[in-house]
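> any chance you can model this:
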Amino acid sequence: MLAEACAKETDGSVKIWFGRSQIMDADAHVDRALTAADNKAFGKDGPGAVRSVREWCLKRAIPRNGFLICRASYLAEISGARDGNVGDWGLTVRLANSGASGRFIAEDVGRHRVQAGSATQPGHGVDVHLMFEIARQLEVSTPAHIDARKRLLRQLVEVATTGYLRHGERARAWMCFLSPYWKWKRRLSPSGVAALCMLLTPAFCWDWAIGASDPGSPLAPTGLARPVLAVQNPLFGAAGFSGRDDVDERAPRS
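As a prediction, this is how the structure comes out:
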């Protein structure tokens, strides 16, 4: 279907094609209600349309590994120094900054399964801190786009702060915490206070905490320095430290 749309394309600015995806549960049954909610949350509940890739990125409408892109654009935009485990987010943001357009096809072109664990997302899951970093690189100029990018960054900033800490980037974590995307109301919330406590924790304590919750982390101590028993720390858990550093894409926060 996507290949057919590409072959029939007459708009030279269109460099990427994508459609809707059906969501299945762990037993491979399509969840119609969840699929409809997902399409609405990502701006894919309307008719097919051609819009700038920038607009599609602001809605996070382009699915990971679920689109067709012209070869020249792929080769030009695929490489990013700090893309990390964020799917094709860096690619689509760079494509947006190049001025390309994307065509949305208002039909189901794929399915994906929602389950507790995933073989393709081991460890911490999505590197939300790098997703936040790349989102800041998305070039916007109109008031509507500026506001939309601000909303997007506010959805990511809290988990991004702890993500930077988990990867030993304390300076970036502080910059993230002090950015305008952290609302003061959220800074004064339990999760905000927990994040501040994490920022103030000495580095050697982080080595032990990371080793306890994630022995596979590159920052985890090895040999005799590695903790023998995992330590349950409710403070870290409140800020997303010991859980999966991911965002619920089906319920974006404003």
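> correct me if wrong: Arg20 contacts Asp108.
Yes - at 5.0 Å, Arg20 counts as touching Asp108 under the criterion of Cβ atoms under 8 Å. Glycine gets a C-beta too; all of them are placed from N, C-alpha and C.
> of those two, who's got more company?
More neighbours surround Arg20 than the other of Arg20 and Asp108, with 22 against 14 (other Cβ atoms under 10 Å).
> okay, the lengthiest helix in the chain in PDB with CA atoms only?
The helix that spans the most residues within the chain, counting by DSSP state H, is helix 143-166. Taking Å, rounded to 0.1, in the frame of the first residue of the first chain, the C-alpha atoms of helix 143-166 are listed here in PDB:
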ATOM      1  CA  PRO A 143       3.500  30.600  17.100                       C
ATOM      2  CA  ALA A 144       1.400  27.400  16.700                       C
ATOM      3  CA  HIS A 145       4.400  25.300  16.000                       C
ATOM      4  CA  ILE A 146       6.400  26.900  18.900                       C
ATOM      5  CA  ASP A 147       3.500  26.100  21.300                       C
ATOM      6  CA  ALA A 148       3.200  22.600  20.000                       C
ATOM      7  CA  ARG A 149       7.000  21.900  20.500                       C
ATOM      8  CA  LYS A 150       6.700  23.300  24.000                       C
ATOM      9  CA  ARG A 151       3.900  20.900  24.800                       C
ATOM     10  CA  LEU A 152       5.900  18.000  23.300                       C
ATOM     11  CA  LEU A 153       9.000  18.900  25.400                       C
ATOM     12  CA  ARG A 154       6.900  19.200  28.600                       C
ATOM     13  CA  GLN A 155       5.700  15.600  27.900                       C
ATOM     14  CA  LEU A 156       9.300  14.400  27.900                       C
ATOM     15  CA  VAL A 157      11.300  16.600  30.300                       C
ATOM     16  CA  GLU A 158      10.600  14.800  33.600                       C
ATOM     17  CA  VAL A 159      11.700  11.400  32.400                       C
ATOM     18  CA  ALA A 160      14.500  13.000  30.400                       C
ATOM     19  CA  THR A 161      16.000  14.500  33.600                       C
ATOM     20  CA  THR A 162      16.300  11.100  35.200                       C
ATOM     21  CA  GLY A 163      17.500   9.600  31.900                       C
ATOM     22  CA  TYR A 164      20.500  12.000  31.800                       C
ATOM     23  CA  LEU A 165      21.300  11.100  35.500                       C
ATOM     24  CA  ARG A 166      21.100   7.400  34.700                       C
END
